[in-house]
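Peer 1: this one's structure only:
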């Protein structure tokens, strides 16, 4: 019943016009990803997502995963879909050719990931985590470990998963109890219980490579004493390791994704990176995972939006307030009603800008890894550092919000499983929680990103945004976009200054306003994106009036109806945290 | 695993201190509901909800209802719980003694309803709808129909349900196709299909009385041609009527509440009210149902909040930013963290004020029915008219928001069925949709309530709120509450004026800002409530410092952190609807 069509034109708009990829033809590896190849990959990805993954999504939700005697069966059709995914070469896409990868840029992978998240979020979690494990191993693993494990992770024959959480510790990883005892052969014996392990056990891959946080016997207290280990489910000699799944969780959504309890019972493992260096290595994996989780929010918002538009065009109910729109029908389609339009435009204003930011962040990651100029690489790193918490938290908050708006557009049908949109709302909800709750993202933003090197990360946003305002100062057609952008940039600067200064005196003032600050930041980042899109649309309007006028219309909606949200946030932030901290709770 | 304790102290605070019930001792029927009786009823209601209904809630969600050959079985234990409910006399509580009711005021019933919604929303839907049907029949039914049907609805042996929606029509009831053909004996033959009929079929009552909208053969087009009929599942002579359930929906939540497709196949029915007078009669039922649905949001928010507080006090993770709070533990309870406190206070600030508004509205309804002074009755009616859309929409929006905040406080555990909070989020979601989506409530507010008799409804809020500000003008201790109230009352007036004036010129401007206006209105209503509570707390502080200081603290939090929300809403509203209406969608 629900529908999904990959938004290929939108991907191409972002890549070719918004990011202007041809400017980067000289960066190693970029010319290989020519416009033709990009187009072919998008088409093939779209086909796979629309025809293979999407039809399994509702069934997977209804059937769920089945746990039995330590094994987990994915819903019917999932294992076969995964096979097709591997045969299509998707896992190796953005991986290093030295380990069998295709060496394509991340920004193309990002488009594929978004489509997968739209079509079947539960399916996508296994390969999504594998890619994070690949990144961590690439960066922190020894040559031996990389040679032994990466090739099959790259092909997708094996998967990689993260083992962080334990019953008594989630956010505060200093509390973990899993132990690693060094052995004479250089390996370690890992013992402990990990919970909430996504894809921790499944029947789609021959082996599952667990990257596990544990403590060495001489570990210092807290997070400084955490080390990262590679612990395969099946050892290289084919014998089964002491890695056992003792159950799966019953959850609100992502029913086709197994969330496992994993017991490590004197399992053989190998150290990744240095002793007690686990947090750093884990953050490589986590930062990649945070961007990926953000895109889950975007992917679900996109498919929810498509279904809301389809329903709003089809369902007739009531008449337009300013006169009958469709006299041939017993009532007008509900898309004529202002509040339905407000909901639909809210969705569009989010998804289209979010896509631009996701792909820009992926592009910065490519440039960070490939660009010859050190300054460019550093700037890219700073951009990614700054945007990671925003992307993770705002995209996933909006994923839930857009899915809920789509339900609301559907009226009573929105609550009924058959129509599919309620699943998006349930599936989207986890993304606000895992890989660091959105509250933790906000603390990351104000605690690590805002103060870093007296605002050096912040400059990666403020400088180009201010420059953009300056550049278009004398263009009267741009004034309706640059004026609000300029004004709200000012508000964001006020909030940044207030939090930066007060945070030094009273950290509660900063933490108490952190969630509001992240939302405010995201709104102004999106205003910048919409102003940039408007500039492109004004330039290209004559080429395809309908397409570019729609971009201008959505940009106007964002400036008029969404961006004013910052004003209340600024007031609330600068009212301080006394009323939060002094209440006896 | 989840917990629930009825908030009896809060009910008593609202009844005795906030509403000052002793002022109304002379109103007929009020003296019977003495403080002692009220207390006894609250205690007994609390026991029933905590011990009987709450333990069934999670099981009911997991098991769901079972449809088989036209019958619907409620989950295990529900039929027995309903029997206890009837034996306890709860259905007859606020009903007319002429039909076997106890004649107690609605405000007490309201407390019972809130507790039931907290303990087991799905269970509560059957009696909740019955009470709405009772109200409609009381007001619009003939003496014969009342005599024949009311007594068993009052005892709860029979239930009453509403049959409005059809596959092609929800909001736009003018599109209904169900037909009513007059018969020689004065009855009608009803034929048609109704969907989304909550409790349309179940195995807890001996009979189900359907109040059904249908069209007479000579009906004019649209909503002017709708009539309301009483159509019992079982006729008075014991024979089965042509009322058949052909299936139940699979839904996001309220799994223990059957949502039925009901086929009327030449069923025997009787006209309620006059021919083509169905909309008016139905609105009696609907307005009562809208208040009830609002309280569903409150009830779920209350139980979600209780679980969030319990978890936040128990779960240890990380350390307080300003120094270790619990050196005896490996980490501090998460209630020390500013953002967790912000979430908890947001919940409290909503539930406590919402309870006051719900009970005040119920009190106004009692005064409307019982007060000897016509002017008082009229004012009460206006207050209810104004508050109904606000209560329905804002309470249910916040029900969902609070349940989601409770999930967020729980971190990963929030997504797991076992912990119970994710069920509250799923159950709460329907309340934003049924009995008129929240968008429809907003249109009701700006279209019917705002302009009524040049703002006569509005005065029921603005006059007492302004008088309150005036009364406390010279009290410096109250300034932190009355100043923000005064300022935001001004913003609300600006918005009201803008929408009122622009709505005359361009109805899209009013409709396009309606949802934002309703939210703004609700925030300012809540500011008034918190200012009133603060005044009471300041007066009584010495009697019980801990209790009243907590009230002051929550009032401060509301003024500092929640009320600023109006500023953005005002900007967005006054930016108009051009960007909504001109976009080509």
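Peer 2: Nice, thanks for sending it over. Quick caveat: nothing in here was measured; it's all calculated off a predicted structure. Residues are numbered from 1 along each chain as shown, chains lettered A, B, ... in the order given.
Peer 1: Shouldn't residue A:180 be within a helix?
Peer 2: No. Counting by DSSP: H, G, I helix; E, B strand; the rest coil, residue A:180 falls outside a helix, being strand.
Peer 1: Identify the residue nearest residue A:418 in space, chain neighbours excluded?
Peer 2: residue A:1 (5.7 Å; Cβ to Cβ, 6 or more residues apart in numbering or on different chains). No exception for glycine: its C-beta is placed from N, CA and C like everyone else's.
Peer 1: mind showing which ranges of the stretch 1-150 of chain A have poor pLDDT?
Peer 2: Along the stretch 1-150 of chain A, the model assigns pLDDT under 70 to no residue.
Peer 1: and residue A:135, what is it in contact with?
Peer 2: A:284-285, A:288 (Cβ atoms under 8 Å, 6 or more residues apart in numbering or on different chains).
Peer 1: Show me the helices in the stretch 201-350 of chain A, by range?
Peer 2: A:278-314, A:338-370 (DSSP state H, counting those that start in this stretch).
Peer 1: Let me know the pLDDT of the most centrally placed residue in chain A.
Peer 2: Nearest to the geometric centre of chain A sits residue A:294, at 2.0 Å (Cα atoms, centre = their mean). Residue A:294 is assigned 98 on the pLDDT scale.
Peer 1: Next one: it relative to residue A:555, how far apart?
Peer 2: 22 Å (Cβ to Cβ, to the nearest Å).
Peer 1: Show me chain A divided up by domain.
Peer 2: For chain A, the structural domains run A:8-155, A:158-276, A:444-580, going by automatic domain parsing.
Peer 1: Tell me which of those domains sits nearest to residue B:241.
Peer 2: Across the domains of chain A, residue B:241 has its closest neighbour in domain A:8-155 (34.7 Å, Cβ to Cβ).
Peer 1: What is the end-to-end distance of the closest one?
Peer 2: Criterion Cα to Cα, to the nearest Å; first-to-last residue distance in domain A:8-155 is 26 Å.
Peer 1: mind checking how far that domain is from the chain centre?
Peer 2: Domain A:8-155 sits 14 Å away from the centroid of its parent chain (Cα atoms, centre = their mean, to the nearest Å).
Peer 1: what do you get for stretch A:190-199?
Peer 2: 23 Å.
Peer 1: circling back to that earlier point, the domains of chain A into CSV, with extra columns for distance to residue B:430?
Peer 2: Formatted as CSV, the domains of chain A follow (distance: least, Cβ to Cβ, whole Å):
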stretch, distance to residue B:430
domain A:8-155, 18
domain A:158-276, 15
domain A:444-580, 27
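Peer 1: Out of those, which gets nearest to residue B:187?
Peer 2: Relative to residue B:187, the nearest member of the domains of chain A by Cβ to Cβ is domain A:8-155, separated by 43.4 Å.
Peer 1: can you pull out the helices in the stretch 401-550 of chain A?
Peer 2: Under DSSP H, counting those that start in this stretch, the stretch 401-550 of chain A gives helices at A:421-429, A:438-444, A:456-471, A:479-505, A:507-512, A:514-540, A:545-557.
Peer 1: for those, which one ends up most surrounded?
Peer 2: helix A:421-429 (a mean of 27; mean count of other Cβ atoms under 10 Å in any protein chain shown).
Peer 1: Let me know the average pLDDT across that one.
Peer 2: Mean predicted confidence for helix A:421-429 is 98.
Peer 1: That one packs against which elements?
Peer 2: helix A:54-63, helix A:278-314, helix A:374-409, helix B:421-429 (3 or more Cβ pairs under 8 Å, 6 or more residues apart in numbering or on different chains; DSSP states H and E).
Peer 1: what residues does the stretch 201-350 of chain A put near chain B?
Peer 2: A:249-253, A:309, A:312, A:317-318, A:321-322, A:330-331, A:335, A:337-345 (Cβ under 8 Å from any Cβ of the partner chain).
Peer 1: do that again at 10 Å, thanks
Peer 2: A:221-222, A:249-254, A:259, A:309, A:312-313, A:315-322, A:330-332, A:334-346, A:348-349 (Cβ under 10 Å from any Cβ of the partner chain).
Peer 1: thinking residue A:254 is in contact with residue A:433, fair?
Peer 2: No. Using Cβ atoms under 10 Å, residue A:254 is not in contact with residue A:433, being 11.2 Å away.
Peer 1: Which residues are in contact with each of these two?
Peer 2: residue B:415 (Cβ atoms under 10 Å, 6 or more residues apart in numbering or on different chains).
Peer 1: neighbour-wise, which of the two wins?
Peer 2: Just comparing residue A:254 and residue A:433: by other Cβ atoms under 10 Å in any protein chain shown the higher neighbour count belongs to residue A:254, 28 against 23.
Peer 1: Next up, the contacts around that one.
Peer 2: So residue A:254 contacts A:60-61, A:64-65, A:121-125, A:198, A:296, A:423, A:426-431, A:434, B:415 (Cβ under 10 Å, 6+ apart).
Peer 1: State the distance from the residue nearest to residue A:427 when sequence neighbours are not counted to residue A:224.
Peer 2: Among residues not flanking residue A:427 along the chain, residue A:253 sits closest, at 4.1 Å (Cβ to Cβ, 6+ apart). Separation of residue A:253 from residue A:224 (Cβ to Cβ): 36 Å.
Peer 1: These two: who's more crowded?
Peer 2: residue A:253 (24 against 12).
Peer 1: Would you confirm that the more buried one contacts residue A:424?
Peer 2: Yes. Proximity of residue A:253 to residue A:424 meets the contact threshold set by Cβ under 10 Å, at 8.7 Å.
Peer 1: in the strand ranked longest in chain A, what counts as buried?
Peer 2: Here the longest strand in chain A is taken by residue count, with DSSP state E as the criterion, and it is strand A:259-272. Using 16 or more other Cβ atoms under 10 Å in any protein chain shown as the test for burial, strand A:259-272 gives A:259-264, A:267-272.
Peer 1: Tell me which two in these are the farthest apart.
Peer 2: Distance extremes for these: the farthest pair is A:259 and A:271 at 26.8 Å, using Cβ to Cβ.
Peer 1: quick one, what contacts residue A:86?
Peer 2: A:92, A:127, A:155-157, A:204-205.
Peer 1: and if you look at residue A:427?
Peer 2: Residues near residue A:427 by Cβ under 10 Å, 6+ apart: A:57, A:61, A:117, A:120-122, A:251-257, A:296, A:299-300, A:303-304, A:399-400, A:403.
Peer 1: Relative to chain B, how far out is it?
Peer 2: Remark: distance between residue A:427 and chain B (Cβ to the nearest Cβ, to the nearest Å) = 11 Å.
Peer 1: Please apply the same query to residue A:347.
Peer 2: 11 Å.
Peer 1: Over to residue A:283?
Peer 2: For residue A:283, the distance to chain B - Cβ to the nearest Cβ - is 17 Å.
Peer 1: Tell me how many other residues surround that residue.
Peer 2: 13.
Peer 1: And residue A:5, by the same measure?
Peer 2: By other Cβ under 10 Å, 14 other residues sit near residue A:5.
Peer 1: Surely it and residue A:305 touch.
Peer 2: No. In this structure, residue A:5 is not within contact of residue A:305 by Cβ under 10 Å, at 11.4 Å.
Peer 1: Overlap of the contact sets of these two?
Peer 2: Joint contacts of residue A:5 and residue A:305 (Cβ under 10 Å, 6+ apart) are residue A:118.
Peer 1: I appreciate the help and will end here.
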